[in-house]
Structures are given as C-alpha cells and as structure tokens.
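>>> how would this look folded up:
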Amino acid sequence: MIEALVGILIFAFGVLGLVGLQATMTKAQTGAKFRADAANASQELIGVMWSDSAANLSKYSTANCATYARCKEWSDKLKQLLPGAATAVVVDGASGEVTITISWTQAGEGNHSFTSSAMVVLL
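Sure, this is the predicted structure:
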C-alpha cells in the first residue's frame, strides 16, 4: 500500500513538472510571436514608405502619423497585433534614415520593444 502511495506521489510530481514546463513554453512562444509581429510590422511600414513619394516621407514621423492616412492605417493595424502597442518613428528627411521603435506590454512580463532602422531614399 505504501509503495503504491509513493508511486502516485512521484507520478503527481512528474505531472506538475510537465504542467509547469507547458506554461513556460506557452509564455516563451507568445513572446516570440509578439517579437516577430513587431519585426514584420516594422518592415511593412518601411515598405509603405518606399512605395510613397519623397514629399510624404516626413508624414510618417510620430508627430504626423495620426494625420496621414497610410501611416494611421499601419498604426491602427499594429495596435490590433500587439497588446498596448506604442510607436516612435523618427525620420531624417535629409539623409532618408528612418528609425522605428515599437513597444508593447506583455502580461506578467512587463514592457518590451523592437527597434529597426533603414535608409529610405526616394527619387
């Protein structure tokens, strides 16, 4: 009888370990998905900038994004992808350098951010 109880106790600890491992895996997978979504969204905005005219490049900066339809559409899409998403887009009109920082909040883990830079040279 005692041997059976010890066996059940060992089995219970094993099951608890597997449940903990599954929870950790799910948390890591969610974090990886958010990072991938941020990277894809950043590259999408750079692609949108490349397809626009040079005169509109400054409209993608953080201060002007809400008033420019193409940038606002991207920003609204980003807010649906990432929880608590916030962006900072810095556009250097002289050199064409663009820096995009995307921040989000993941439950139980705090704030995260992704930054990418690119040269958007439009003729």
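>>> So which other helices or strands are in contact with the longest helix that the chain contains?
The single longest helix within the chain, with elements called by DSSP state H, is helix 2-51. Packing partners of helix 2-51 (3 or more Cβ pairs under 8 Å, 6 or more residues apart in numbering; DSSP states H and E): helix 69-81, strand 97-106, strand 110-119. Bear in mind the C-beta positions are built from the backbone N, C-alpha and C, glycine included.
>>> can you tell which of these is closest to residue 88?
strand 97-106 (4.3 Å; Cβ to Cβ).
>>> mind listing what's buried in that closest one?
98, 100, 101, 102, 103, 104, 106 (16 or more other Cβ atoms under 10 Å).
>>> Ok, stretch 115-123 next?
Neighbour counts over stretch 115-123 (16+ other Cβ under 10 Å) mark 116, 118, 120 as buried.
>>> before we move on, what about stretch 65-85?
In stretch 65-85, counting by 16+ other Cβ under 10 Å, buried: 65, 68, 70, 71, 74, 75, 78, 82, 85.
>>> Report the two of the residues you listed separated the most.
Longest span within the buried residues of stretch 65-85, Cβ to Cβ: 68 and 82, 20.6 Å.
>>> any idea of the angle the longest helix of the chain forms with strand 97-106?
Angle, helix 2-51 to strand 97-106, by axes from the mean of the first three to the mean of the last three Cα atoms, to 10 degrees: 150 degrees.
>>> what about helix 2-51, distance to the chain center?
On the basis of Cα atoms, centre = their mean, to the nearest Å, helix 2-51 sits 16 Å off its chain's mean C-alpha point.
>>> gap between the spatially most central residue of the chain and residue 119?
Taking Cα atoms, centre = their mean, the centroid of the chain lies closest to residue 38, which sits 2.9 Å from it. Relative to residue 119, residue 38 is positioned 20 Å away (Cβ to Cβ, to the nearest Å).
>>> Many thanks, I have nothing further to ask.
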